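In: mind folding the following:
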Amino acid sequence: QVQLVESGGGLVQAGGSLSLSCAASGRTFSRYAMAWFRQAPGKDREFIGAISRTGGYTLYADSVKGRFTISRDNAKNTVYLRMNSLKPEDTAVYYCACAALPSTWPPPSYDYWGQGTQVTVSS
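Out: Model prediction:
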């Protein structure tokens with residue numbers, strides 16, 4: 001059974017930084033691209049970015065490009081989201097997700113999701 005567990009959310013002031021982690025189990029982590037999404041109250045889920053299975057490729061939504069960085073450590077089965085220059089509009093529940101198919105880039109779909117972690121940015 002695949003499990004994704006996010007951690008690291010919290011309250012931060014605008015302009016500050018925060019790092020999220022997502023620990024994966026139940027699947028050969030290094031075979032799959034991973035991604036981060038977020039969902040603010042009353043809004044649709046938004047794609048933030050993704051990282052290839054080796055970490056050699058990343059892509060980001062325009063809304064976070066240059067401020068957020070995704071990385072991974074396959075030895076620890078963990079993917080990270082480093083968020084800098086945070087804005088109040090970044091407030092949301094953040095989710096990690098696993099690509100549905102191994103060795104695909106960019107992933108066309110995702111089949112497992114974490115439970116989410118709240119990030120709140122105060123102005």
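In: okay, CA-based contacts and neighbour counts for the rest of this
Out: Noted.
In: residue contacts, the residue nearest the centre of the chain?
Out: Taking Cα atoms, centre = their mean, the centroid of the chain lies closest to W36, which sits 2.4 Å from it. By Cα atoms under 8 Å, 6 or more residues apart in numbering, the residues touching W36 are 47-50, 81, 94-97.
In: quick check, nearest of those to V5?
Out: In terms of Cα to Cα, no member of those lies closer to V5 than C96, at 8.1 Å.
In: my guess is the closest one contacts D111, does it?
Out: No: at 10.8 Å, C96 and D111 do not qualify as touching, with contact defined as Cα atoms under 8 Å.
In: in terms of neighbours, single out the busier of the two.
Out: Each of C96 and D111 has its neighbours counted (other Cα atoms under 10 Å); C96 has more, 30 against 10.
In: pLDDT wise, what is the closest residue to the more buried one other than its chain neighbours at?
Out: Once flanking residues are discounted, C96 sits nearest to W36: 4.4 Å by Cα to Cα, 6 or more residues apart in numbering. Note for W36: predicted pLDDT of 98.
In: tell me the SS of W36?
Out: strand (DSSP: H, G, I helix; E, B strand; the rest coil).
In: please tell me how far it sits from E89.
Out: Going from W36 to E89 by Cα to Cα, to the nearest Å gives 16 Å.
In: also S19?
Out: Taken as Cα to Cα, the span from S19 to E89 is 17 Å.
In: those two: which has the busier surroundings?
Out: S19 (16 against 13).
In: the more buried one bridge partners, please.
Out: Per DSSP bridges, the residues bridged to S19 are R82.
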